[in-house]
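Novice: Sequence unavailable; structure follows:
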């Protein structure tokens, strides 16, 4: 039963992370005038968007898939330590911030100013973005670099690469540099690939770790 639950959790992770690219690409193509390079994903779910209902529905499903992934890990492989628990909560927070919050609160503006919904959208997105940034650092606590040197290097690369693209995205958000949509998608791609790799590594390695002394 535990193995089946773990497999389903990993599948939910892959569906959420890979599906996000597929869904937003398709919806972007269905939105006349929407530019994947210049426009962020938030505009797909605004009240004036012709694909808002589909984008917001996907956002909720994105949250549910990541929540199932986090719960599945918590019930199978990640019950035995503090950092494992932190990882579960970070995954759930990322899904809630970038998925549920985005789906429930469209990124709306009135006369160029954010509405209450738009403000809540920004806050939830900031919470989700902050949570996902720290996932690689928490993974270093679960997978020590001396035992997993390759994955440890990947964790550090993902963390610093993510910070770099967050800075670029914030600059683009303020209109200082162009290509806000592209920068956001590179940031998301960076972390979604990492989360999928992390899920596969956890599913293959943590059973041995759980049986070792002191864990």
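Specialist: The structure has been received and is ready for your questions. Please read all numbers here as calculations on a predicted model, not as lab measurements.

Novice: in this protein, which spans are helices?
Specialist: Counting by DSSP state H, one finds helices in the chain at the ranges 2-30, 52-76, 82-94, 101-104, 116-133, 135-142, 149-173, 180-211.

Novice: export those to a markdown table and tack on mean neighbour count and mean pLDDT?
Specialist: Every residue, glycine included, has its C-beta placed from N, CA and C. Listed next are those as a markdown table, based on neighbours: other Cβ atoms under 10 Å; pLDDT from 0 to 100:
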| stretch | mean neighbour count | mean pLDDT |
| --- | --- | --- |
| helix 2-30 | 17 | 92 |
| helix 52-76 | 20 | 93 |
| helix 82-94 | 19 | 93 |
| helix 101-104 | 22 | 93 |
| helix 116-133 | 18 | 95 |
| helix 135-142 | 20 | 94 |
| helix 149-173 | 16 | 94 |
| helix 180-211 | 18 | 83 |
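
Novice: would you turn those helices into CSV with distance to residue 43?
Specialist: Below are the helices of the chain laid out as CSV (distance: least, Cβ to Cβ, whole Å):
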stretch, distance to residue 43
helix 2-30, 9
helix 52-76, 9
helix 82-94, 21
helix 101-104, 11
helix 116-133, 11
helix 135-142, 26
helix 149-173, 12
helix 180-211, 9
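
Novice: These: which one's closest to residue 40?
Specialist: helix 180-211 (5.0 Å; Cβ to Cβ).

Novice: tell me the angle the closest one makes with helix 116-133.
Specialist: Calculated by axes from the mean of the first three to the mean of the last three Cα atoms, to 10 degrees, helix 180-211 forms an angle of 50 degrees with helix 116-133.

Novice: how far away is the residue nearest to residue 122 when sequence neighbours are not counted from residue 24?
Specialist: In this structure, residue 122 finds its nearest non-sequential neighbour in residue 114, 6.8 Å apart by Cβ to Cβ, 6 or more residues apart in numbering. As for residue 114, its distance to residue 24 is 21 Å (criterion: Cβ to Cβ, to the nearest Å).

Novice: pretty sure residue 52 is touching residue 45, no?
Specialist: Yes: here residue 52 reaches residue 45: they are 5.3 Å apart, a contact under Cβ atoms under 8 Å.

Novice: Tell me who's in contact with residue 44.
Specialist: 24, 27, 28, 31, 34, 51, 52, 55 (Cβ atoms under 8 Å, 6 or more residues apart in numbering).

Novice: which residues does the first one contact?
Specialist: Residue 24 makes contact with 41, 44, 55, 58 under the criterion Cβ under 8 Å, 6+ apart.

Novice: who touches residue 96 in this structure?
Specialist: With Cβ under 8 Å, 6+ apart, residue 96 has these contacts: 63, 67, 124, 127, 128.

Novice: my guess is the third one contacts residue 107, does it?
Specialist: No: with contacts defined as Cβ under 8 Å, residue 124 does not count as touching residue 107, sitting 10.3 Å away.
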